[in-house]
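A.B. asks: Structure of the sequence below:
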Amino acid sequence: GRGVTILLHDTLMNNSIDRLGFAGKTMTEAEIKAQIEGQATKLLGREVKFAEEKEGAKDDSGIKSIVFDKNDPIRVHADDGMLIVTLRAGFQQEGKEDIPTQVITIPLQFSVTDEAVIVEPGSFEVSAADKPESAAKQLAQAGVIKKKLASAFPKRDLQRVKRINEKKIKTVTAVTRIRSLDGWLSI
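C.D. replies: Just a heads-up that it's a prediction; the model follows:
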């Protein structure tokens, strides 16, 4: 009786992602994080800072920056209980040859427990955007990218209940369910 359901369609999520301005840019992980924090701060009207990663989540993939494709660098699609993130990007590596544009699919599954909202990545898929010069080289590059993704997208337990105290209004919010189907993400 005192709840709200938020419905997000793929088009809203993708248009919001487009506003981040990643298309055609080469960025480090820290620059990407800062850009997202800045946009979230502007949207919510309060400072947003993501938690620092734990020491155990170090990235040793050798990738130093991401080269986002000019067209549709990041797309999401809500379907079949998952939010499927598709990246079109190349990668610059330290002391090695750059990896050309790849199409990377990251399925994210959400579950809600009494304590947390759990975001768990499924199996990453990596394929070349254009025909690779060598299947063996493509396989090796896909392995490097999957290693990078494993450090960037670990299983996360997010706080399910949040207390908000703003402008003399005290509110408790709690996520009770997350579903995705036919292009709609329902929270």
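
A.B. asks: report the longest helix in this protein, please.
C.D. replies: In the chain, assigned by DSSP state H, the helix with the most residues is helix 135-152.

A.B. asks: Which secondary structure elements does that one sit against?
C.D. replies: Helix 135-152 sits against strand 63-68, strand 82-93, strand 99-112, strand 125-128, with contacts defined as 3 or more C-beta pairs under 8 Å, 6 or more residues apart in numbering; DSSP states H and E. All C-beta spots, glycine's among them, are computed from the backbone N, C-alpha and C.

A.B. asks: and the angle for it with strand 63-68?
C.D. replies: Per axes from the mean of the first three to the mean of the last three C-alpha atoms, to 10 degrees, the angle that helix 135-152 makes with strand 63-68 is 100 degrees.

A.B. asks: Can you give me the buried ones in helix 135-152?
C.D. replies: Going by neighbour count (16 or more other C-beta atoms under 10 Å), the buried part of helix 135-152 is 138, 141, 142, 144, 145, 147, 148, 149, 151, 152.

A.B. asks: For the residue nearest in space to the middle of the chain, give me its contacts.
C.D. replies: Residue closest to the average C-alpha location in the chain (C-alpha atoms, centre = their mean): residue 85, at 6.8 Å. Residues in contact with residue 85 (C-beta atoms under 8 Å, 6 or more residues apart in numbering) are 74, 75, 76, 105, 106, 107, 108.

A.B. asks: TSV for the residues you listed, including pLDDT and distance to residue 34?
C.D. replies: Below are the contacts of residue 85 laid out as TSV (pLDDT from 0 to 100; distance: C-beta to C-beta, whole Å):
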residue	pLDDT	distance to residue 34
74	95	16
75	97	22
76	96	21
105	96	25
106	95	21
107	95	26
108	95	22
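
A.B. asks: Turn those into a markdown table, columns for neighbour count.
C.D. replies: Output for these, formatted as a markdown table (neighbours: other C-beta atoms under 10 Å):
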| residue | neighbour count |
| --- | --- |
| 74 | 19 |
| 75 | 16 |
| 76 | 19 |
| 105 | 16 |
| 106 | 20 |
| 107 | 19 |
| 108 | 17 |
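
A.B. asks: Which one of those residues is nearest to residue 183?
C.D. replies: Of all those, residue 183 sits closest to residue 76, with 9.8 Å by C-beta to C-beta.
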